[in-house]
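**Q** from the sequence below, what's the structure:
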Amino acid sequence: MPTTRFALRPIEVLLVFVGGCAGTASRLAVSLALPQHGSIPVAILLINISGAFALGWLLTSLSARGPETPRRKNLRLLLGTGFMGGFTTYSALATDAMLLFGQGSAAAALAYGLGTVVLGAVATWFGMLAGARRTSSSGGAK
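**A** Alright, predicted model coming up:
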């Protein structure tokens, strides 16, 4: 059976860890700043949609600038995998949707779950467009 070997450098693990801690702390701050009113968890909805936009923008901006360099890889690990991975939260989306369902709000649960996924996809697309536009207006690869 063939095995694939991945070489993780300690700095790469540290970048993901630091980014993840900062992203999680940011999610907590937004959640506390936007307390829930009504049954839909607006803070998590906004976090996931803004995170989808930001990730689309970041990855498109980095890839449009040319081949991956050590600096671009470190930015992708710190901000994309780390920060955005900690900031956005699929588990809270799934939990909140099931709580809504359990409270007898099946329509709200479905609207929240599907709405977040659809709006997240649209936000990612707009983020990618913004990333491509930013890169093309700044003169391409750097």
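
**Q** check contacts around Ala94.
**A** Gly113 (CB atoms under 8 Å, 6 or more residues apart in numbering). Glycine gets a C-beta too; all of them are placed from N, C-alpha and C.

**Q** if I look at it, how far off is Val117?
**A** Counting by CB to CB, to the nearest Å, the separation of Ala94 from Val117 is 11 Å.

**Q** show me where this structure dips below the pLDDT cut-off.
**A** Scanning the chain for pLDDT under 70 picks out 1-5, 135-142.

**Q** please name the residues that touch the closest residue to Val42 other than its chain neighbours.
**A** Spatial nearest neighbour of Val42, excluding adjacent residues (CB to CB, 6 or more residues apart in numbering): Leu34 at 6.0 Å. Going by CB under 8 Å, 6+ apart, Leu34 touches Val42, Ala43, Leu46.

**Q** and Leu34, its phi and psi?
**A** phi -120, psi 80 (degrees, to the nearest 10).

**Q** try Gly66
**A** phi 120, psi -170.

**Q** what is the helix or strand hosting Val18 packed up against?
**A** Here Val18 sits within helix 10-33, counting by DSSP states H and E. Applying 3 or more CB pairs under 8 Å, 6 or more residues apart in numbering; DSSP states H and E, one finds that helix 10-33 contacts helix 42-64, helix 70-75, helix 85-87.

**Q** looking at the contacts of Leu34, which is nearest Thr81?
**A** Nearest to Thr81 out of the contacts of Leu34 is Leu46 (CB to CB; 21.4 Å).

**Q** follow-up on the earlier one: out of the helices and strands packed on helix 10-33, flag the one nearest Trp125.
**A** By CB to CB (comparing all of the helices and strands packed on helix 10-33), the closest turns out to be helix 42-64, at 6.7 Å.

**Q** what angle sits between the closest one and helix 10-33?
**A** Relative orientation of helix 42-64 versus helix 10-33 (axes from the mean of the first three to the mean of the last three CA atoms, to 10 degrees): 150 degrees.

**Q** gap between helix 42-64 and the chain center?
**A** 5 Å (CA atoms, centre = their mean, to the nearest Å).

**Q** pull out the buried positions in it.
**A** 43-45, 47-64 (16 or more other CB atoms under 10 Å).
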